[in-house]
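*Asks:* Return atomic coordinates for the entry below.
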Amino acid sequence: MAAPSAKQTRRSNIVVERGADPSRLIIAFTGFQGALNVPVFDFLGATGQTDASRILLRDPLNLLYLSGCWPDARGFSRLLERLRREISSLGPQHITCVGTSSGGYAAILFGHLLGADRVHAFAPTVYGSVWLTLLRGDWQQFRRRVMPRHLLVELLIPPRLWKYRDLPRTLQTWNGRTEYTVHVCARNENDMTRAEPLRGLPHVDIAAHPCSTHQVAKYLVRSGELAEVFRSGS
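*Replies:* Here you go, the predicted model:
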C-alpha cells in the first residue's frame, strides 16, 4: 500500500492513493459509521483490486455527501470538482464507485455525475431526504438511521441540489456510460423494498444475494464472493 501523500492529514476525510495499476480507480464512499460494513482496507482487499488507485471518502456530517466532505471539500460542488481533479491527476482508464448504505447513495449519485464505468452500491439509501423517506413510508429507515438534527440541517441543502435527492428520478435519464449494480440480501424485506424503485431503470441491475442482513457487503466479504462481483462487473 502506498504511503500517505501530502494531501492526507490526520483530519482529512478524503484519502487519495495511486495504485501499482493506475489504469483502475476505486472511489469508496463510506456510510454513517465511516466504514463499508467491514474495515475499509479489508473490504478493498476482498475485492481483489488492491493494485488499483483509490479515493476513500468519509462524510462527518452524515448528510449523504450532499453538503460535501468536510473539511476537505466544503459543499457539494466543491466535492464534485475535487473528485474530478483527482481523477484527472490519477488518469485511470476504468473507474468504479462503491458504497454501503448511505455511502451507497453517494456512490450511485457521484458515479452518475462523474460518468464512472461501474457502480456497486450495497443496500443503498435511495432517498437523500428525511422528508422523502417519510413521504415514501420507509419508517424502518427513518427510525433506525435518521438523526433528529437531519430534519433541520437538511433544510440548509441548496434547492438546486434537491433534484438529486430522489435517486430513481435522477437515474431515469442514463448518462450514457455508467452501469449500476445494487446489491441486497434477498431475505431482507426492508432492503428489497427499498431497492424496488430502482428496478427497471436504464442500466440498473438488482443483485439479490442469499442472505438476510442489511450488511450485504460483509456477507459477500465473508463468503469470498466480493472478488467475483468485481470481476464480473469490470
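
*Asks:* Only C-alpha atoms from now on, for both contacts and neighbour counts.
*Replies:* Fine.

*Asks:* and Ser53, helix, strand or coil?
*Replies:* strand (DSSP: H, G, I helix; E, B strand; the rest coil).

*Asks:* Can you tell me which helices and strands the lengthiest strand in the chain packs against?
*Replies:* Assignment by DSSP state E gives strand 21-29 as the longest strand of the chain. Counting contacts by 3 or more CA pairs under 8 Å, 6 or more residues apart in numbering; DSSP states H and E, strand 21-29 is packed against strand 52-57, strand 94-100, helix 102-114.

*Asks:* Nearest to Leu161, out of those?
*Replies:* For the helices and strands packed on strand 21-29, proximity to Leu161 was assessed by CA to CA; helix 102-114 is nearest, at 11.3 Å.

*Asks:* rewinding a little: quick check: can you name the pairing partners of the longest strand of the chain and their directions?
*Replies:* Strands that pair with strand 21-29, judged by DSSP bridges, come out as strand 52-57 (parallel), strand 94-100 (parallel).

*Asks:* What residues sit buried inside the longest one?
*Replies:* So that's strand 94-100. Buried residues in strand 94-100, counting neighbours by 16 or more other CA atoms under 10 Å, are found at 95-100.

*Asks:* And stretch 107-117, by the same measure?
*Replies:* Result for stretch 107-117 [16+ other CA under 10 Å]: buried residues 107-112, 114-117.

*Asks:* Which parts of the protein are strands?
*Replies:* Along the chain, counting by DSSP E, strands occupy 14-17, 21-29, 52-57, 68-69, 73-74, 94-100, 118-122, 179-185, 204-209.

*Asks:* Out of those strands, which gets nearest to Trp162?
*Replies:* Nearest to Trp162, of all the strands of the chain, is strand 68-69, at 14.3 Å by CA to CA.

*Asks:* Walk me through which strands the closest one pairs with, and which way each runs.
*Replies:* Strand pairing for strand 68-69, determined by DSSP bridges: strand 73-74 (antiparallel).

*Asks:* Tell me which residues are up against the longest strand of the chain.
*Replies:* With contact meaning CA atoms under 8 Å, 6 or more residues apart in numbering, strand 21-29 is reached by 36, 51-58, 90-100, 103-104, 106-107.

*Asks:* what do you get if the cut-off is 6 Å, keeping everything else the same?
*Replies:* With contacts defined as CA atoms under 6 Å, 6 or more residues apart in numbering, strand 21-29 is touched by 51-57, 92-99, 103.

*Asks:* quick one: buried residues of it?
*Replies:* So for strand 21-29, counting by 16+ other CA under 10 Å, buried means 22-29.

*Asks:* picking up where we left off before, closest to Arg169 out of the strands of the chain?
*Replies:* Closest of the strands of the chain to Arg169 is strand 204-209, at 12.8 Å (criterion: CA to CA).

*Asks:* For the closest one, buried residues please.
*Replies:* The neighbour-count check on strand 204-209 (16+ other CA under 10 Å) flags 204-208 as buried.

*Asks:* what about Pro71, how many neighbours?
*Replies:* For Pro71, the neighbour count with other CA atoms under 10 Å is 13.

*Asks:* From Ser12, how far off is it?
*Replies:* 7 Å (CA to CA, to the nearest Å).

*Asks:* now do the same end-to-end measure for stretch 173-188.
*Replies:* 28 Å.

*Asks:* Report the distance from that stretch to the chain centre.
*Replies:* 11 Å (CA atoms, centre = their mean, to the nearest Å).

*Asks:* So what's the residue count around Gly200?
*Replies:* The number of residues packed near Gly200 is 12, by other CA under 10 Å.

*Asks:* typed the wrong thing, it's Thr193
*Replies:* 12.

*Asks:* Now for the buried residues of stretch 107-117: which two are most distant?
*Replies:* Within the buried residues of stretch 107-117, Leu109 and Asp117 form the most distant pair, 13.0 Å apart (CA to CA).
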